[in-house]
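> No sequence on hand, only this structure:
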C-alpha cells in the first residue's frame, strides 16, 4: 500500500444508497472513483452510513475511514486526547494482528482532530454491501471498545457525584418539595437533577453514567441500558434524558430539534430519549415530532408534573414510562 492519504484523492465520488448496496458489484467500480454510502432523507438531506468512502488503491479495494472530532463540542467524560489515542492504539493492534488495516494517520489541528486509516477488503467480498459489512465490523469493534472505556470513566465520576452530593441525603418527599418550592434557578436545577437521576435509577437495568446541568438550564442524563425486561431490552444501548428547567415557557420545536441532534450524535448508540419539561410542551414540539415520525429515533415527552405524580403515588416507574413510550409511538 502507498502512504497516500484520503485527503489527497481527487476522484469522482459516487453515492450509493442502502437499497443498492448488495446490487453493486465491487468489480464494476471504476478505478478512479470513490464510493460514498448515503441515504436521501425526506427533507432532501443525505445521511451518511459510513465514516469515509470506498475505492481502489492499486489492485486492492479499500475502505478509507475518516474519524473527525471537534474539541469545542467534546463533552464525553474520557477526554478527547485519551479517546482518540485509544482508537488509534486499537487500530494499530488490529493492523498488527489481522493485517487488514493499514496507513494509520493521526492529525491534530488544534480545534479539529482526525484519525484516518484504510481497511483492506478481502477478495471474497463481491458487493459494496459485503465491503460495508466487513468494514463496519472493524469500526464497531473499535467504537464499542472505546465506548466501554467511556462508560467506565463515566460510572466512576457519577459514583463520586452520588456519594459526595448533599442532595443525595434528602428523602424523596423532601426532594420533591425542594423542586416545587425552590425560587433560585441554580438551586432548582440541583434538586431537579437529583430527582430525575433517582427516578431513572430505580428502573432495573438502567445505569446512569453521566449527569450534568448546563448553563442554559438543561439537565442532561445518559443511561446505559442493561435491562433484562423484554420491553426495554430491545431498545438502544444508550438512552438520553433531557430536562428543561425553564420556569416561564414550555419546550417547543427548537428544543425538540436540539435534543434530536444529541441522539443522532451518539453514533447510532442512542435511539431513545426522554424529554422532561418543567413547563410542559408547546404545540410546535408535537408537530415537529410528527414531522420526524418515520425516523428510527423516538423522543418521549414527559411533563415534570407527571413524573412527580408517578413518584408521589408510588406507581411502578417502569410501567408508567412504558405508557408514555407507547403514547409517543401512536401519535
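Everything's here; your move. Since the structure is predicted, the reported quantities are computational estimates derived from the model, not experimental observations.

> switch to C-alpha atoms for all contacts and neighbour counts from now on
OK.

> And the helix or strand of the chain with the lowest mean pLDDT, what does it pack against?
Least confident helix or strand of the chain, by mean pLDDT, DSSP states H and E, is strand 46-48 with a mean of 81. Judged by 3 or more C-alpha pairs under 8 Å, 6 or more residues apart in numbering; DSSP states H and E, strand 46-48 is in contact with strand 33-40.

> What pairs with the strand it packs on, parallel or antiparallel?
Strand pairing for strand 33-40, using DSSP bridges, gives strand 12-16 (parallel), strand 46-48 (antiparallel), strand 52-57 (antiparallel).

> okay, those strands in JSON lines with mean neighbour count and distance to residue 321 next?
Shown next, in JSON lines, are the strands paired with strand 33-40 (neighbours: other C-alpha atoms under 10 Å; distance: least, C-alpha to C-alpha, whole Å):
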{"stretch": "strand 12-16", "mean neighbour count": "15", "distance to residue 321": "39"}
{"stretch": "strand 46-48", "mean neighbour count": "14", "distance to residue 321": "31"}
{"stretch": "strand 52-57", "mean neighbour count": "22", "distance to residue 321": "38"}
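
> what's the distance between residue 288 and residue 255?
Relative to residue 255, residue 288 is positioned 10 Å away (C-alpha to C-alpha, to the nearest Å).

> what's the answer for residue 123, then?
Shown here: residue 123 relative to residue 255, a distance of 48 Å by C-alpha to C-alpha.

> Comparing these two, which residue is more hemmed in?
A direct count of neighbours by other C-alpha atoms under 10 Å for residue 123 and residue 255 places residue 255 higher, at 17 against 10.

> following the helix or strand hosting the more buried one, which helix or strand comes up?
Assigned by DSSP states H and E, residue 255 belongs to helix 253-264. For helix 253-264, the following helix or strand on the C-terminal side (DSSP H and E) is strand 270-277.

> Quick check: neighbours of that following strand in the sheet, parallel or antiparallel?
strand 238-244 (parallel), strand 298-303 (parallel).

> how big is the angle separating that strand from helix 253-264?
Angle, strand 270-277 to helix 253-264, by axes from the mean of the first three to the mean of the last three C-alpha atoms, to 10 degrees: 150 degrees.

> what does strand 270-277 rub up against?
Applying C-alpha atoms under 8 Å, 6 or more residues apart in numbering, the external contacts of strand 270-277 come out as 235-246, 250-251, 263-264, 296-304.

> List only those of those flagged as buried.
235-246, 250-251, 263, 297-304 (16 or more other C-alpha atoms under 10 Å).

> Report the separation between residue 242 and residue 196.
From residue 242 to residue 196 the distance is 9 Å (C-alpha to C-alpha).

> go on, residue 293?
To residue 196, residue 293 is 26 Å away according to C-alpha to C-alpha.

> Which one of these two is surrounded by more residues?
Taking other C-alpha under 10 Å, residue 293 and residue 196 do not tie; residue 196 has more neighbours (21 against 16).

> Many thanks, I have nothing further to ask.
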